[in-house]
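Visitor: this one's sequence-less:
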DNA sequence: GGCGCCAACGTAAACGTTTTCATGAAACCT
DNA sequence: AGGTTTCATGAAAACGTTTACGTTGGCGCC
């Protein structure tokens, strides 16, 4: 038995008799032989692993994202190497560099990553797709959530139901999602010639609570509030409850993300939903397309994932031409 | 410049002049040189990666677990390769085998994994730690959540507050956590000479809802219900609400896990809390200890993580000698 | 000034695969 | 029957590192 025959047999490429194949197979099983992936990667240049660079692993968003990626990866026989970089750009750069020879492609979601960063740190031939990033490069496809349209639709929905004044709780300044959602709010308000009313927030529940109190302290209380994400909406909801207001009768409320909690607060929170798992899946599919196509991606380089307005009770409007999800789902 | 000098310089092992070190460093930066990890792994036998085998990636539990592992791994300069195996034992075996030469150690959480499985599929010299597993092997350390004590404490808490009859919503039969929690319930009830009242469930919200209806249909409605996990408790809560009962006045309710949602339902759910992230962290720390110690683990091979009773409103009891967490946390 | 020592550096082997190429035997065709 | 094709198999190169070992040259010491 030569190593060559063993290699051929175990990889099922033919070129071996059925008899020797069987002999090798029983020998391998008997010896608990498992090929060494490091050596295999070295010679083939493929690792069958894709890397995911994420800013953090906390919360439902990343959980779902990883799940979506993993599901799609598993289906294609690929492994998933996750890496969160909590530090700044330096940390992210270090992580990307250590991926060399360890992954066949990367999915990157990081506010520190721009085209320059990638040129500098990404091995020249490593395919990568960017998530929710503002960069617009011919080399790297980008998948974005259609935050602008989603926010726009929600504000329009609120305005369309008699809530003349809609306030907005903004997200952190550096966050791309937050910026886009604010843009959608601004556009919708401009179309209706409504006055802008924006208070600061940072995506945390506590900042939503503070923003809620700030809104209540305004001379003229807004009729509806749209928070840039659900956690802030929930914090805001507690501020309203604390002040003795009832939602949606006294003041309407809506969030963005459709996190699990949104179903379970009282009243159930109207929000803008995105299938995060689909986002992950799309990213992986685009990445594998890139890998197979040798750096040539078919179709547009920027793909946007549509959002949908999810109407529950907190916005005080039920209509039939939008998605309606009551909680719990099975009642 | 020979490759040897470059290797020495970049690994900082000395044996090179400060001048040549600098020369190599600028050349490396200029050429965007990054060492190939596959080749490095092949020769050194180390990958600086640890693998995590999980049954699924859905939900807060796994999200937190991964986060805990990742945080601890990142702190030690290790990468994390996650793999979920949705299929049965075959799938899990395949995953474990493909880890050969890809990871330095494994963290395994799977109901299909027993001592036999590991002997068969795990490369002989690969360190591994098991999570929440019934196996008791000298080779593999196990980290468990103290489900029995946690469930016991919660049932005792309910009984101690005048709820004479406590019913239990069980989890899926094959699940180790579910079994242990039921054991804790049985023990506590036996000590108080209370009658057992167990209905079936499978950890899903819907099964909790069905179990709730089943309990309400009983001739003598129980005074309190303890669900084996929070999602079932939430489903049960909806069944009670639907029937016009108020929790906790008409019937008390408690869950297990302290998932995020528990804070946000009305009334906030009393539950048994475990720091899942700590579980992941402990697992990783024990694994690295195993890796450094060349297969020799210091201390006991089985470690149990304590739970704590988290009293909110749904159990109708507030006392001061247990952890009390109101929602939201910052008010 | 010759000798030995030490530090810096280069050479080459090794890691465990895949893959190309050569070899030989068997089967096929004329 | 001889030549040609086909096919299973083995030998060996290659992948990009690390590391053991050998070589060089400079320096101090006798």
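Guide: Perfect, thanks for sending it. If you're wondering where the values come from, they're calculated on a predicted model, not measured in any experiment.
Visitor: Residue numbers of the stretch 1-150 of chain A in contact with DNA strand C?
Guide: For the stretch 1-150 of chain A, the residues in contact with DNA strand C (CB under 7 Å from any atom of the strand) are A:3-4, A:6-8, A:10-11, A:13, A:33, A:35-36, A:39-40, A:42-44. For the C-beta atoms, the positions are set from N, CA and C on the backbone; glycine is no exception.
Visitor: same thing but at 6 Å, please
Guide: A:3, A:4, A:7, A:8, A:11, A:35, A:36, A:39, A:40, A:42, A:43, A:44 (CB under 6 Å from any atom of the strand).
Visitor: Filtering the residues you listed by proximity to DNA strand D, which remain?
Guide: Within those, those near DNA strand D by CB under 6 Å from any atom of the strand are A:3, A:4, A:42, A:43.
Visitor: What about these, which are in helices?
Guide: With helices taken from DSSP state H, the overlap with those comprises A:3, A:4, A:42, A:43.
Visitor: what's the neighbour count on the last one?
Guide: Meaning residue A:43. Residues lying near residue A:43 (other CB atoms under 10 Å in any protein chain shown) number 10.
Visitor: Report pLDDT for it.
Guide: On pLDDT, residue A:43 comes in at 94.
Visitor: swap in the one 4 residues further on?
Guide: Model confidence at residue A:47, expressed as pLDDT, equals 94.
Visitor: how about the helices of the stretch 101-250 of chain A, start to end?
Guide: All helices of the stretch 101-250 of chain A, identified by DSSP state H, counting those that start in this stretch, fall at A:115-121, A:147-160, A:176-191, A:205-216, A:230-242.
Visitor: lowest-confidence stretch among those?
Guide: Out of the helices of the stretch 101-250 of chain A, helix A:115-121 stands lowest, with a mean of 84 (criterion: mean pLDDT).
Visitor: what's next to that helix, contact-wise?
Guide: With CB atoms under 8 Å, 6 or more residues apart in numbering or on different chains as the test, helix A:115-121 has contacts from A:89, A:92-93, A:96-97, A:108, A:128, A:135-137, A:139-140, B:32.
Visitor: Mind doing that once more with 10 Å?
Guide: A:89, A:92-97, A:99-100, A:106, A:108, A:110, A:113-114, A:126, A:128, A:130, A:133-140, B:29, B:32, B:34 (CB atoms under 10 Å, 6 or more residues apart in numbering or on different chains).
Visitor: Report the distance from it to the chain centre.
Guide: 22 Å (CA atoms, centre = their mean, to the nearest Å).
Visitor: same check, this time on stretch A:275-284
Guide: 7 Å.
Visitor: Can it be said to contact chain B?
Guide: Yes. On the criterion CB under 10 Å from any CB of the partner chain, stretch A:275-284 is in touch with chain B at residue A:277.
Visitor: now that stretch: mean pLDDT?
Guide: 95.
Visitor: Likewise for stretch A:85-105?
Guide: Mean per-residue pLDDT for stretch A:85-105: 88.
Visitor: Check the residues of the stretch 1-150 of chain A next to DNA strand C and tell me the two furthest apart.
Guide: Across those, the longest distance by CB to CB is 18.6 Å; it joins A:8 and A:42.
Visitor: picking that back up, out of the helices of the stretch 101-250 of chain A, which one sits most buried?
Guide: Across those, the average number of neighbours (mean count of other CB atoms under 10 Å in any protein chain shown) peaks for helix A:230-242, which reaches a mean of 24.
Visitor: which secondary structure elements does the helix or strand that comes right after that one contact?
Guide: Once the chain leaves helix A:230-242, the next helix or strand it forms, by DSSP states H and E, is strand A:252-254. Strand A:252-254 is packed against helix A:147-160, strand A:166-169, strand A:224-227, helix A:230-242, strand A:271-273, strand A:308-311, with contacts defined by 3 or more CB pairs under 10 Å, 6 or more residues apart in numbering or on different chains; DSSP states H and E.
Visitor: try 6 Å this time
Guide: When contacts are defined as 3 or more CB pairs under 6 Å, 6 or more residues apart in numbering or on different chains; DSSP states H and E, strand A:252-254 packs onto strand A:224-227.
Visitor: How about residues contacting the strand it packs on?
Guide: A:154-155, A:158, A:163, A:166-169, A:208, A:233, A:236, A:252-255 (CB atoms under 6 Å, 6 or more residues apart in numbering or on different chains).
Visitor: Show the average pLDDT along it.
Guide: 97.
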